[in-house]
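Trainee: okay, here's the prediction I keep looking at, along with the sequence it came from:
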2 protein chains.
Amino acid sequence: MSGEPIDVSHHLSALARARPVSPLKGLFKYWGKPGLLNLAGGLPSAAYFPFADLSANALQADSFPIKPTQESSFSWFWKLLWWGQGEDALQYGMAAGLPQLQKIIKEFSAKVYQPAYDNYAVLLHAGNTDAWSKVVTTLCNPGEGVLVSKWTYPSAMATMQPHNIRPIPVDTDAQGMRSDSLRAILTEWDEAARGMPRPHVIYAVPIGENPTGTTAGIPRRKEIYQICVEFGTDFRSSRTILCEDDPYWALQEGEYVPKAERKDNPLFAADEESRFIASLQPSYLKFDYQGRVIRMDTFSKTIAPGARLGWYTCHPTFAERLERASETSTQAPCGFGQSLITAVLIQWKYEGFIRWLMGLRLQYTLRRDCLVDNLAEEFHLTSAPGTGIWEGAECFTGYAKPRRSVNGYFNEKLPVKVHFEHHPAFAAKRMTAADLEMKLLEELAEAGVLFVPGAYFWATGDYADPTAGHFRISFSDASVRLIDFLH
Amino acid sequence: MSGEPIDVSHHLSALARARPVSPLKGLFKYWGKPGLLNLAGGLPSAAYFPFADLSANALQADSFPIKPTQESSFSWFWKLLWWGQGEDALQYGMAAGLPQLQKIIKEFSAKVYQPAYDNYAVLLHAGNTDAWSKVVTTLCNPGEGVLVSKWTYPSAMATMQPHNIRPIPVDTDAQGMRSDSLRAILTEWDEAARGMPRPHVIYAVPIGENPTGTTAGIPRRKEIYQICVEFGTDFRSSRTILCEDDPYWALQEGEYVPKAERKDNPLFAADEESRFIASLQPSYLKFDYQGRVIRMDTFSKTIAPGARLGWYTCHPTFAERLERASETSTQAPCGFGQSLITAVLIQWKYEGFIRWLMGLRLQYTLRRDCLVDNLAEEFHLTSAPGTGIWEGAECFTGYAKPRRSVNGYFNEKLPVKVHFEHHPAFAAKRMTAADLEMKLLEELAEAGVLFVPGAYFWATGDYADPTAGHFRISFSDASVRLIDFLH
């Protein structure tokens, strides 16, 4: 689907509009001229860089199986060397990043996210936290608000706070942000009463939103995108932009299928590129015929967080402003990281990267299943349709059984609610649920296991459940044995 | 010298004060607990990072000679592997950076810059451009001004502009910022007439300032530091902070010594650590008994710009706020870059890094000398004491000689003034000096050589010389033969 992107230049904040073009930009037309003796740039001599080349033991794309019955087959390619123009990666570079890497990610965004218009741009950035900082200060002036899920990623809120850009919480259900709540907020917005103009930016984590792991389906996305369009029909309000922060796209684990029925899990049938992509919820870009979506991808979950590397896919108007923001702050992402990731992606090729993601998705899925299987063995679990923020999800309530031995290797995250109604100190009103939650957290930490309180993920930071505690249990990091902590 | 640092907490801008502490910070005390099962962090599994190790062909510290009569002896160590905790570098990390690297740079700052108080902190950052962006938004509110040399680094000005933080130009001479002009501006500051409060931040590039390469000596530094102290005697004005942006410290080339006399250049006698350090102008930290200096170092000129890596040395009050600024934007610097630079510094050790810098300094000095030697051969050069912004420097005026063949390998930067008074189009008032400067720049670029106009380095961006053009010729980048462009 291809359409005419709207003119989005009036979406920019005063800060973004004031951001100057690099003073050297007028000379860039000469930069690549064949035979040019460039004495303008003030570059150090590459003859004095102490690294001649970088290499790495890197994994083949098919190292992890894509069916649970297969074994992992770690096959290494040594030495993975960066390509011929390694010097470019260590020299001062354009903020947009290495051209080879731009080309690879443009192909990836095109084939995988299939944006609904043609002239979208890609731009490398230094990780999604920095990317969101640039987006929000590019789009919002101090004193304005951003629409966010009531439960969301706290670092994104922390990034807004010093700029006096405030979260406007939208109700959630098991698919994350609710479109009816979003529409009501925008329709009923009272600028005088709220003390700020109607928000024109949505911060969305449509897949695996913290702390509950909610994911929006296609109808929900279409509704939300349509609201962006509707609240953009006249000049005054033609400015609802959706920023899609989507680190987990490739790691969607699908519904939990009980152990006995698992052989028919459709996930494991997704063994080729097109079926793999079709098995995953799409990006908002797929519906974005007006250029309203700024998508942020990261290599943090698929290669390594230490890379501090990712990319925007968005309308070129936004990409140009974001590139200017990079020029006066981070400049290009680290050349060591860019070059090694480029080298591995050139080696893997597009098909290999997809294959790598397929293997990775299965690994995390197996760990999720293992965790829930073990909980099912350890507790009496009863299943019921959720209500409130759990509406649309299957919820399990666990009752204690006599202790018995369990083993398991787990990996990623799981929301847990702890009921304090029957705790003696609570019943006697000596401790609140918040007191008990913190006490349990600290005692668990003293015993050697660390969770994050669910309240950290409340957008406005002031959540208190009257009767329960909430924890996010991350099962993504390393293989661990839960048995030591249950016994 | 050791003293009691002033309380600097009231120097922080509203933005910096509002910058929140990471919501997870309260849990950090548990993070390193032995045997802890950390299910809080949401980290990806390191088992799925596709890199097992990184290695590099890296140069030995003594690859470049430190006397001009010696040959370069490229000796490589292969393979330079990152140390045992490589996984830490690829995982999410503290914004402060890898502990091993922090330790190395703290030792370097202590031994080389010798701060005048004890409890200074070091903090890694993602290169000096990003570092300055964080400093200026941490210290200044929109609408305020920063004291800068009249001629300075344009990217630093570009970083301030979108935040509506304005440069207040201070007159310069051959040592850069003039202390008398600085004092006069602060003394005579009229808040109502200027439309902004008296500036409380100085941006200083005390060594190799663009475009003319000026460097401040010790008396000048003491005068400027004393002004910071004086304009900080009561609470209202107790806030003159000096940000020292010093990428060129190790590359100070000293005075140009004519070819015939060069064997006695004291530079070449500086063949051991203490004499090398003594031969270089010190950091402002050496006089900073009150904790007023925020020094920014970078590996861009000494290892590679693509590393996007450097560090602050400053009072812990500032370091803490700057670390918070990193947490909500860049997070830690790229782990690939951190790990490889840490690996090479561990291999070189402190003494080896100093040895590397000594070799590097000589290489750039030889290139500077070669460029000036060739200009001396190509032109009739006459020497005279400079006036105006050149006061205190030796200036050369070149007159055309009959063409003859010259050869040379050059490397770094040189300011050049081109006199247009006798150009026919200028004399006939058909073209201004600015027109002729741009025309010459474009014709040179078309012919294959690129300079930067000197006016790009005018702090407020509105410079026009009535009779001359100005270019910065960078002689730092790669070995090039000028002969093709002179003949």
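Mentor: Alright, I've got the coordinates.

Trainee: pLDDT weak spots in chain A?
Mentor: A:1-49, A:51-54, A:58, A:74-88, A:233-238, A:264-271, A:401-413, A:475-487 (pLDDT under 70).

Trainee: hey, which helix is longest across it?
Mentor: Counting by DSSP state H, the longest helix found in chain A is helix A:335-378.

Trainee: next SSE downstream of it?
Mentor: strand A:379-385 (DSSP states H and E).

Trainee: helices along the stretch 101-250 of chain A, start to end?
Mentor: A:128-139, A:154-160, A:179-187, A:191-194, A:218-230 (DSSP state H, counting those that start in this stretch).

Trainee: do the first one and chain B meet?
Mentor: Yes - judged by C-beta under 8 Å from any C-beta of the partner chain, helix A:128-139 comes into contact with chain B at A:129, A:130, A:133. Heads up, the C-betas are built off the backbone N, CA and C, glycines and all.

Trainee: and if you look at the second one?
Mentor: Yes - using C-beta under 8 Å from any C-beta, we find that helix A:154-160 touches chain B at A:154, A:155, A:158, A:159.

Trainee: how about that helix: buried residues?
Mentor: For helix A:154-160, burial by neighbour count (16 or more other C-beta atoms under 10 Å in any protein chain shown) applies to A:154, A:155, A:156, A:157, A:158, A:159, A:160.

Trainee: the fifth one reaches residue B:329, doesn't it?
Mentor: Looking back up the chat, that one is residue A:158. No - using C-beta atoms under 8 Å, residue A:158 is not in contact with residue B:329; the gap is 10.1 Å.

Trainee: returning to that earlier point: would you convert the helices of the stretch 101-250 of chain A into a markdown table that also reports distance to residue B:222?
Mentor: As requested, those are exported to a markdown table (distance: least, C-beta to C-beta, whole Å):
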| stretch | distance to residue B:222 |
| --- | --- |
| helix A:128-139 | 39 |
| helix A:154-160 | 41 |
| helix A:179-187 | 60 |
| helix A:191-194 | 54 |
| helix A:218-230 | 59 |
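
Trainee: and residue A:204, what are its bridge partners?
Mentor: residue A:244 (DSSP bridges).

Trainee: distance of it relative to residue A:223?
Mentor: Distance from residue A:204 to residue A:223, counting by C-beta to C-beta, to the nearest Å: 12 Å.

Trainee: what of residue A:73?
Mentor: 44 Å.

Trainee: the more surrounded of these two?
Mentor: Higher neighbour count among residue A:73 and residue A:223: residue A:223, with 16 against 10, using other C-beta atoms under 10 Å in any protein chain shown.

Trainee: which residues touch that one?
Mentor: Going by C-beta atoms under 8 Å, 6 or more residues apart in numbering or on different chains, residue A:223 touches residue A:179.

Trainee: backbone dihedrals for residue A:309, please?
Mentor: Dihedral angles phi and psi of residue A:309 (degrees, to the nearest 10) take the values phi -150, psi 140.

Trainee: shouldn't it be in contact with residue A:341?
Mentor: Yes - in terms of C-beta under 8 Å, residue A:309 counts as a neighbour of residue A:341; the distance is 6.1 Å.

Trainee: just want the most central residue of chain A.
Mentor: residue A:247 (2.7 Å; C-alpha atoms, centre = their mean).

Trainee: what are the boundaries of the strands in the stretch 1-150 of chain A?
Mentor: A:37-38, A:51-59, A:76-81, A:121-125, A:145-149 (DSSP state E, counting those that start in this stretch).

Trainee: closest to residue A:172 out of the helices of the stretch 101-250 of chain A?
Mentor: helix A:179-187 (8.1 Å; C-beta to C-beta).

Trainee: now do the closest one against strand A:145-149, angle only.
Mentor: With axes from the mean of the first three to the mean of the last three C-alpha atoms, to 10 degrees applied, the angle from helix A:179-187 to strand A:145-149 works out at 170 degrees.

Trainee: which helices and strands does helix A:179-187 pack with?
Mentor: Secondary-structure packing of helix A:179-187 (3 or more C-beta pairs under 8 Å, 6 or more residues apart in numbering or on different chains; DSSP states H and E): strand A:166-170, helix A:218-230.

Trainee: tabulate these (JSON lines), appending distance to residue A:459.
Mentor: As requested, those are arranged in JSON lines below (distance: least, C-beta to C-beta, whole Å):
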{"stretch": "strand A:166-170", "distance to residue A:459": "4"}
{"stretch": "helix A:218-230", "distance to residue A:459": "17"}
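
Trainee: what's the most buried one of the ones you listed?
Mentor: Sort those by mean neighbour count, taking mean count of other C-beta atoms under 10 Å in any protein chain shown, and strand A:166-170 sits at the top with a mean of 23.

Trainee: interface residues of the stretch 251-400 of chain A facing chain B?
Mentor: Residues of the stretch 251-400 of chain A lying near chain B (C-beta under 8 Å from any C-beta): A:300-301, A:303-309, A:325, A:327-340, A:344, A:356, A:360, A:363-364, A:367.

Trainee: before we move on, the earlier item: can you tell me which of the buried residues of helix A:154-160 is closest to residue A:438?
Mentor: Nearest member of those to residue A:438, counting by C-beta to C-beta, is residue A:154, at 16.9 Å.

Trainee: for the closest one, what are its contacts?
Mentor: A:210, A:456, A:457, A:461, B:23.

Trainee: can you get me a residue count around the nearest residue to residue A:189 once chain neighbours are set aside?
Mentor: Spatial nearest neighbour of residue A:189, excluding adjacent residues (C-beta to C-beta, 6 or more residues apart in numbering or on different chains): residue A:198 at 4.2 Å. Applying other C-beta under 10 Å, we find 21 residues neighbouring residue A:198.

Trainee: can you verify my assumption that residue A:198 contacts residue A:186?
Mentor: Yes - counting by C-beta under 8 Å, residue A:198 does reach residue A:186; the two are 6.4 Å apart.

Trainee: intersection of neighbour lists for those two?
Mentor: residue A:231.

Trainee: before we move on, the earlier item: dump the residue contacts of the residue nearest to residue A:189.
Mentor: Residue A:198 is in contact with A:186, A:189, A:191, A:231, A:237, counting by C-beta under 8 Å, 6+ apart.

Trainee: residue A:307 now?
Mentor: Per C-beta under 8 Å, 6+ apart, neighbours of residue A:307: A:127, A:299, A:300, A:337, A:341, B:90, B:334, B:335, B:336.

Trainee: relative to residue B:112, which of those residues is nearest.
Mentor: Nearest to residue B:112 among the contacts of residue A:307, with distances taken as C-beta to C-beta, is residue B:334, at 24.7 Å.

Trainee: so what's the closest one closest to, chain neighbours aside?
Mentor: Nearest one to residue B:334, counting by C-beta to C-beta, 6+ apart, is residue A:334 at 3.1 Å.

Trainee: how much space separates that neighbour from residue B:147?
Mentor: In terms of C-beta to C-beta, residue A:334 sits 32 Å off from residue B:147.

Trainee: what are the ranges of the helices in the stretch 351-487 of chain A?
Mentor: Under DSSP H, counting those that start in this stretch, the stretch 351-487 of chain A gives helices at A:424-427, A:433-447, A:483-486.

Trainee: identify whichever of these lies nearest to residue A:165.
Mentor: helix A:433-447 (27.5 Å).

Trainee: follow-up on the earlier one: so between residue A:334 and residue B:147, which is more surrounded?
Mentor: residue A:334 (30 against 25).

Trainee: which residues does that one contact?
Mentor: So residue A:334 contacts A:126, A:308, A:309, B:126, B:306, B:307, B:308, B:309, B:333, B:334, B:336, B:337 (C-beta under 8 Å, 6+ apart).
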